[in-house]
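K.L.:
Sequence plus the predicted model coming up.
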Amino acid sequence: MVEAPPKEPRELKAADGVQVELVSRIFETKRGRVEALAGMSLRADAHEVVAVVGPSGCGKTTLLEMICGLQTPDSGAVQAAPAALMPQRDLLLPWLTAIDNAGLALRARGVARDEARKVAAPWLERFGLGRFERTRPAELSGGMRQRVSFLRTLLAGKPVLALDEPFAALDAITRQEMQGWLSHVLESEPRTVVLVTHDVEEAVMIGDRVVVMSPRPGHAVCEIEVTLPRPRKRTDGAIVELRERALAALGVET
Amino acid sequence: MKRLGQALPAALLLVVLIGIWEVYVDLHGSSFSLVLPAPHQVAKSLYTDRGLLWSNFLVTAKEVLLGIAVATAVGFVLAVAIHFSPTLRRALYPLLVASQAVPVVILAPVLVLWLGFGLLPKLVVIALVSFFSIVVTTTAGLAAVDPDLLKLMRTFDASRLRTFRHVELPAALPSVFTGVKIAAAVSVIGAVFAEWNGSNSGLGYVILQSLPQLLAARGVAAVVILSLFAIALFSLLTVAERLVLPWAYRSREEHPW
C-alpha cells in the first residue's frame, strides 16, 4: 500500500520560510500607474537559498520589501518569518567603525555598545576583518564593506535574509570572490535566503533554486533547481548549462 | 608654506582695498574723515583706545557666545520637533519665517521694557536673529537621511527613537554645524543692535556713542574688532567640526570658504 500523494500544495514546512502567493503591486506615480508585480509567486523553505533573477525594473526590490514587511501587496498573500534586509548599496554609517556598523542591528534593539561589540568581534575575525574592527567604512575596500554589511544583516538574528543585489556595485573580480565567500558562509551558517540579482551566474552559483522573473509587471516565469554540491565551479558543465537555461528563460540569446 | 601661498590673494586684495580707502579719504580732506575715517586713523584708535575697546569687547563676546548657545539649543529643539511632527512643521514654519521679518529695532526696546537692562534682552535679540539658520539646516539634515537606511532600520525592528539616535541624529550633525557657523556670523550684528537699546557697555554701545561725538575712527575700530571676532568664531567652529566629525571631512576642500 502506498499512500496517495497529497493533492493540496505543500504547507510551509517550517516557521522559518517564506511564501509569496500571486502577489500584485501597483504604484501610482505622477506619470501614471506602474504595475511592479502581477501574480508573482515564490517559495523559500527553511534554510533554503532562493535566487531571484530578472531584468532591471521587474519589481525585485518591491518583492524583497514585501518579504521584509516594508510594503503590503495590493492583492495576494505574503507569509514570511521575520526578515532582515541587506541593501544594494552597503549603506554603512560613515561615522561608525566596522565593528559598530556590524553591531547596528543589536544597537537598534537597545543592546549596549560594549555588548554589541562583544557579539560582533568574533564574527569580524571569522570574516577576515579582525584587523579592521576600528576602521571606518571610508577606509575599507568594496569587498570588505559588503562583508560588514552582510554581517550587520546576519547579526539582526532574523531567520530570513533578504539580499538585494548585494554584489552589484563591486568590480568583477571582487564580485566573484564575494559570491564564493557568501556560499561558504551560508554552508556553515544556514539561513533562509532570498537573494535578488540580475546576474544569472551569481544566481546559479549561490542558489539552491533559481526563480526567473519576467519584465515588468514581474512574475515568475521559470524555476530551476540547482542540486549541485558546493563549492561550485563556474566552469563546471552543469553550471554552464543551468546558466544557459536561466538566460533562455529571460529571453536572452546566447 | 602651501597654506601661506593660498592666503596670499586674500591678503593682497585686503592691502589694495585699504590703500584705495586711505587715498580716497586723504583726497577728500579732514572734515570728510569725521564721517569716514582713514585706515591710519582707525589703526591709531585701535591702539590708543585699546583699554576701552578690550573691556567692551569682553562684554559683547560674552553676549555673542551665550546668544549662540541659546540659539543652538532652541534651533536644535525646534528642528527635532519639526522633524518628528508634520503637524508641528506646518504650524511652526510660517511663524519661524515671520519671526525673521520682525525688525530688531522695533523689538529691542520692547524687550528692554519686558526684561530690563541686563544681559537677558541681549541674549533674546542675538538668539532671535541667529536661531533660524540652525533650524533650517538641521531640519534639512534630518530629512536628508537615505530612505533605504530607514527601511534597513525598520527591518532591524528599531524604534523611532533609536533610529533617530543611531542614524538620523549623527547624520544631521554636519548640518547642525553649518547652521551654527551661519549663526555665528549673524549673531555679531545681533549683538550690536541689542546694545543700541538699554545698554551702557559693549562694542555696539561704543559705536553708538562714537558717532555723535565725532569719534568715527573709534566706531570703525570697534567694527574691525567685531569682524575679526566673527572670523575667529567661524574658524573655531570649522576646526571644532573637523575634530568632532572627522568622517564628514574626507573629500572637502582645506578652506572653510
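P.N.:
Right, received. Where do you want to start?
K.L.:
check contacts around the closest residue to chain B within the stretch 1-150 of chain A.
P.N.:
The stretch 1-150 of chain A approaches chain B most closely through A:Ala108 (3.5 Å), counting by C-beta to the nearest C-beta. To be clear about C-beta, it is placed using only N, CA and C from the backbone, and glycine gets the same treatment. Taking C-beta atoms under 8 Å, 6 or more residues apart in numbering or on different chains, we find A:Ala108 in contact with B:153, B:156-158, B:162-163, B:166.
K.L.:
Name the nearest residue to it, sequence neighbours excluded.
P.N.:
Spatial nearest neighbour of A:Ala108, excluding adjacent residues (C-beta to C-beta, 6 or more residues apart in numbering or on different chains): B:Ala158 at 3.5 Å.
K.L.:
Count residues in the vicinity of the closest residue to A:Pro87 other than its chain neighbours, would you?
P.N.:
Distances taken as C-beta to C-beta, 6+ apart put B:Asp148 closest to A:Pro87, at 5.1 Å, once the chain neighbours are dropped. By the measure other C-beta atoms under 10 Å in any protein chain shown, the count of residues near B:Asp148 is 15.
K.L.:
same thing with A:Val52?
P.N.:
27.
K.L.:
And A:Gly142, by the same measure?
P.N.:
15.
K.L.:
Just give the nearest non-adjacent residue to it, would you?
P.N.:
A:Gly142 sits nearest to A:Leu170 (C-beta to C-beta, 6+ apart), 5.0 Å away.
K.L.:
got a list of what that neighbour touches?
P.N.:
A:142-143, A:146, A:178.
K.L.:
and if you look at B:Ile82?
P.N.:
B:88-89, B:92-93, B:135, B:139.
K.L.:
What residues does the residue nearest to A:Ala108 make contact with?
P.N.:
With contact set as C-beta under 8 Å, 6+ apart, B:Ala158 has these partners: A:108-109, B:166.
K.L.:
What about the contacts of A:Leu170, which one has the most neighbours?
P.N.:
Busiest of the contacts of A:Leu170 [other C-beta under 10 Å] is A:Gln146, holding 24 neighbours.
K.L.:
So that one sits against A:Asp90, correct?
P.N.:
Yes - counting by C-beta atoms under 8 Å, A:Gln146 does reach A:Asp90; the two are 5.7 Å apart.
K.L.:
gap between the residue nearest to A:Gly142 and A:Gln88?
P.N.:
In this view, A:Leu170 and A:Gln88 are 11 Å apart by C-beta to C-beta, to the nearest Å.
K.L.:
before we move on, the earlier item: which secondary structure element contains the residue nearest to A:Pro87?
P.N.:
helix B:147-155 (DSSP states H and E).
K.L.:
And A:Leu37, by the same measure?
P.N.:
Going by DSSP H and E, A:Leu37 is in strand A:32-44.
K.L.:
So which elements touch the helix or strand just after that strand?
P.N.:
Using DSSP H and E, the next helix or strand after strand A:32-44 towards the C-terminus is strand A:49-53. Contacts defined by 3 or more C-beta pairs under 8 Å, 6 or more residues apart in numbering or on different chains; DSSP states H and E place strand A:49-53 against strand A:32-44, strand A:192-197, helix A:200-206, strand A:209-213.
K.L.:
got TSV for those, with mean neighbour count, mean pLDDT and distance to B:His28 too?
P.N.:
Formatted as TSV, those follow (neighbours: other C-beta atoms under 10 Å in any protein chain shown; pLDDT from 0 to 100; distance: least, C-beta to C-beta, whole Å):
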stretch	mean neighbour count	mean pLDDT	distance to B:His28
strand A:32-44	19	90	69
strand A:192-197	25	94	76
helix A:200-206	24	90	79
strand A:209-213	25	93	81
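K.L.:
Nearest to A:Ala249, out of those?
P.N.:
strand A:209-213 (4.2 Å; C-beta to C-beta).
K.L.:
in the helix holding B:Asp148, what counts as buried?
P.N.:
B:149, B:151-155 (16 or more other C-beta atoms under 10 Å in any protein chain shown).
K.L.:
Give me the pLDDT value at B:Glu253.
P.N.:
In this prediction, B:Glu253 carries a pLDDT score of 43.
K.L.:
Same question for A:Arg10.
P.N.:
So, for A:Arg10, pLDDT stands at 42.
K.L.:
cool, the one 5 residues further on as well?
P.N.:
As predicted, A:Ala15 sits at a pLDDT of 73.
K.L.:
Now do the contacts for the closest residue to it other than its chain neighbours.
P.N.:
Excluding its sequence neighbours, the residue lying closest to A:Ala15 (C-beta to C-beta, 6+ apart) is A:Ala81, at 5.9 Å. If you count contacts by C-beta under 8 Å, 6+ apart, A:Ala81 has them with A:15-18, A:158-160, A:192.
K.L.:
Tell me which residues of the helix or strand where A:Pro122 lies come out buried.
P.N.:
Taking DSSP H and E as the definition, A:Pro122 sits inside helix A:113-126. Going by neighbour count (16+ other C-beta under 10 Å), the buried part of helix A:113-126 is A:116-117, A:119-121, A:123-124.
K.L.:
Likewise for stretch B:10-25?
P.N.:
So, applying 16+ other C-beta under 10 Å, buried residues of stretch B:10-25: B:Val25.
K.L.:
Likewise for stretch B:103-120?
P.N.:
B:104, B:107-108, B:111-112, B:119.
K.L.:
Can you tell me which residues in chain B are near chain A?
P.N.:
B:146, B:148-149, B:151-158, B:162-163, B:166-167, B:170-171, B:245, B:247-248, B:250 (C-beta under 8 Å from any C-beta of the partner chain).
K.L.:
Next, count neighbours for A:Val252.
P.N.:
Counted with other C-beta under 10 Å, A:Val252 comes out at 11.
K.L.:
Contact partners for it?
P.N.:
A:Val252 touches nothing, counting by C-beta under 8 Å, 6+ apart.
K.L.:
What helix or strand is it located in?
P.N.:
Using DSSP H and E, A:Val252 falls outside every helix and strand.
K.L.:
in the chain, which ranges drop under the pLDDT threshold?
P.N.:
I'll assume chain A. A:1-14, A:253-254 (pLDDT under 70).
K.L.:
Chain B, not that one
P.N.:
B:1-3, B:250-257.
K.L.:
Quick check: most distant residue from the centroid of it.
P.N.:
B:Thr155 (41.5 Å; C-alpha atoms, centre = their mean).
K.L.:
Does it touch A:Leu70 like I think?
P.N.:
Yes - between B:Thr155 and A:Leu70 there is a contact at 6.9 Å, judged by C-beta under 8 Å.
K.L.:
and for these two, which residues touch both?
P.N.:
A:Leu85.
K.L.:
What helices and strands are in contact with whatever helix or strand B:Gly190 lives in?
P.N.:
Using DSSP H and E, B:Gly190 maps to helix B:169-195. Here helix B:169-195 touches helix B:50-84, helix B:104-115, helix B:119-143, helix B:203-210, helix B:216-244, going by 3+ C-beta pairs under 8 Å, 6+ apart.
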